[in-house]
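> coords please:
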Amino acid sequence: MVTSDQRRRQLARDKYARQQQRRAETRRKAKRRNTVIAASLAVLLAGGGAVYGSVQLFGDDAKNTGAEAGGEPKMSIEAKGSYDLALKTNEGDITITMDAAKTPRTVNSFKHLADKKYFDGTKCHRLTTGGIFVLQCGDPEGTGMGGPGYTIPDENLDGLGKPGADGKVTYKAGTVAMANTGQPGTGGSQFFLVYKDSKLPPQYTPFGTMDAAGLAAVQKVGAAGAEGGQGDGAPKKPVTIEKAAVSAK
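The predicted structure follows:
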C-alpha cells in the first residue's frame, strides 16, 4: 500500500521530471533558433555585405521596453514635426535631425526608447570600411542580435531617389538609417550612421541626418578602422552612447 508521504514524493519527482523535460525542450528550440539566425546572417553577409540588425523577436530582453504585449509603442509625437535625436558619446556629440512627416513611426519609436533610456550605455558594435561606410549602433547587447521586442514598418524608402541599374541608391555621408534583417518590416532599435557616400539597396529607412560635428566624429572612428582587418567588425576606436534624448525642434 502506498502511503500519503510516498505519494507526495512520487508526485514531486514527476513534477521535477516534467520541469526538466520542458527546460531541455526550451534549450533545444533555442539552439535551433540561433542556428537559423546565424545562417540567415551568413547569407546576408555573403550577399554583398548588406547592413543588417537582427530584431529581438523572441525571449525575454532585459531592456525590452515595448508597449503592451511587446507591441510597437503608441504614437506620442506630432507626426508633422521635426525632432532632434541627441547622442552623447565618448567620441563626441552627434545630433541627428529627424523628419516625422516622412518617418513618423520610426521617430516615434526612437522617442519612446530614448525616453526609457534604452540606448544609454550601449556600444556601437559594427563598423564597415569597404564598399559601404557605416557605423552601426542601437543594440543593447552589443552583438548585432538585440532589439526592443517589437518591430516597426519601413518608411521613406523612396526618399533617396530611384535605384540605378545595380538596384542601389546612394546613402550620402551624414545619412542615418534603420538596420534590419534584410526582410521588410523588421526594423527595431538598430540604426547606422553613414560617414561616407555608400551604395545600398533602398530597403533601409532613411530617417535622419547628422550635424557637421557628429559626422566629423564618426569619420574619425571610421578612419581608425575595424577590428580584425577585414573592413567589417567592431570599431578599433570603441564608441559608447552615453546618453540619448529626443526633443522637438
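> what's the spacing between Asn156 and Glu141?
Noted for Asn156: a distance of 27 Å to Glu141, by CB to CB, to the nearest Å. For the C-beta atoms, the positions are set from N, CA and C on the backbone; glycine is no exception.
> swap that for Ile132, please
From Ile132 across to Glu141, the span is 22 Å (CB to CB).
> Between these two, which is the more surrounded one?
Ile132 (21 against 16; other CB atoms under 10 Å).
> In space, not sequence, find me the middle residue of the protein.
Gln190 (1.9 Å; CA atoms, centre = their mean).
> shouldn't that one be in contact with Thr143?
No. Using CB atoms under 8 Å, Gln190 is not in contact with Thr143; the gap is 10.6 Å.
> Would you double-check that Phe207 falls in a helix?
No. Counting by DSSP: H, G, I helix; E, B strand; the rest coil, Phe207 is not part of a helix but strand.
> And for Thr97, the neighbour number?
16.
> Phi and psi next, for it.
Thr97 adopts backbone torsions of phi -80, psi 120, taken as degrees, to the nearest 10.
> what's the burial count for the closest residue to it other than its chain neighbours?
Counting by CB to CB, 6 or more residues apart in numbering, Thr97 lies nearest to Thr209, which is 5.3 Å off, once chain neighbours are set aside. When neighbours are defined as other CB under 10 Å, Thr209 has 18 of them.
> so who does Thr209 touch?
By CB atoms under 8 Å, 6 or more residues apart in numbering, the contact list for Thr209 reads Ile96, Thr97, Gly174, Thr175, Val176.
> got it, and Asp166?
Neighbours of Asp166 in contact, by CB under 8 Å, 6+ apart: Lys199.
> picking that back up, which two in the contacts of Thr209 are spaced the farthest apart?
Largest separation among those by CB to CB: Thr97 and Thr175, giving 11.2 Å.
> Show me the common contact partners of these two, please.
With CB under 8 Å, 6+ apart as the test, Thr97 and Thr175 both reach Gly208, Thr209.
> quick one: low-confidence parts of this structure?
Scanning the chain for pLDDT under 70 picks out 1-70.
> which residues in it form strands?
Taking DSSP state E as the criterion, the chain carries its strands at 82-89, 92-99, 122-123, 126-128, 134-137, 169-171, 175-178, 191-194, 198-200, 206-210, 232-233, 240-248.
> With distance to Ala223 as extra columns, can I get the ones you listed in CSV?
Shown next, in CSV, are those (distance: least, CB to CB, whole Å):
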stretch, distance to Ala223
strand 82-89, 16
strand 92-99, 13
strand 122-123, 19
strand 126-128, 10
strand 134-137, 12
strand 169-171, 19
strand 175-178, 18
strand 191-194, 14
strand 198-200, 16
strand 206-210, 16
strand 232-233, 15
strand 240-248, 18
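> Name the stretch among these that sits most buried.
Of all the strands of the chain, strand 191-194 has the most neighbours on average by mean count of other CB atoms under 10 Å, namely a mean of 28.
> With just CA atoms, put that one into CSV.
The C-alpha coordinates for strand 191-194 follow below in CSV (Å, rounded to 0.1, in the frame of the first residue of the first chain):
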residue,chain,number,x,y,z
PHE,A,191,20.5,52.1,-36.9
PHE,A,192,23.5,53.1,-38.9
LEU,A,193,25.4,56.3,-39.4
VAL,A,194,26.8,56.8,-42.9
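> which other residues reach that strand?
Contacts of strand 191-194 (CB under 8 Å, 6+ apart): 51, 53, 94, 124, 126, 133-138, 171-179, 204, 207, 210, 214, 218.
> tell me the contacts of Arg105?
With CB under 8 Å, 6+ apart, Arg105 has these contacts: Glu72, Met75, Ile152, Pro153, Glu155.
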